[in-house]
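Peer 1: model this:
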Amino acid sequence: MSTQAGYDRRPGWLTFAAIVMFSVGLLRIISAISYFSDSRKVNDLTGGLFGDDIWAWGIWDLCIAALALFAGYSLLGGGGFGRFVGYIWAIVLIVESFLIIGLAPWYAAGAIGLATLVIYGLSVASDWSEARA
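Peer 2: Numbering: from 1, shown residues only. Reported below is the predicted structural model:
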């Protein structure tokens, strides 16, 4: 029996964090496209940080999506830099959620919950690396 039986596979929480980041990244791309078409069907954030500049929310969503997709891809590849970007992404998402909690409370609460689970997943699996697998 192998002494490294616990390191044969990637931890489930790490995989969960990567999949959440992929999912949120793809949804943020869809909402960015909606904002670029000047639609208010996804969220009406005209009273938020960027005001009436819906295109600015689109650019913000694309930045969040790029961070999420990069971090998810790097995590699935076993990269340590993806873990760092994942922490940064989750913190940015929590801060953004507190900024829009008055405009979209259910969305903000859900985003805070997912970001918290990602931080938990990354911290629980912090001692795992692809080199040991």
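Peer 1: counting by contacts, list what the helix or strand in which Trp106 is found packs against.
Peer 2: Element membership for Trp106, per DSSP states H and E: helix 105-124. Applying 3 or more Cβ pairs under 8 Å, 6 or more residues apart in numbering; DSSP states H and E, one finds that helix 105-124 contacts helix 12-36, helix 80-99. Using the backbone N, CA and C atoms, a C-beta is placed for each residue, glycine as well.
Peer 1: and the last one, what's buried?
Peer 2: Taking 16 or more other Cβ atoms under 10 Å as the basis for neighbour counts, the residues of helix 80-99 that come out buried are 82-83, 85-87, 89-90, 92-94, 96-97.
Peer 1: okay, the angle between that helix and helix 105-124?
Peer 2: 150 degrees (axes from the mean of the first three to the mean of the last three Cα atoms, to 10 degrees).
Peer 1: how deep is Pro105 tucked in, by neighbour count?
Peer 2: 11 (other Cβ atoms under 10 Å).
Peer 1: how near is it to Ile112?
Peer 2: As for Pro105, its distance to Ile112 is 10 Å (criterion: Cβ to Cβ, to the nearest Å).
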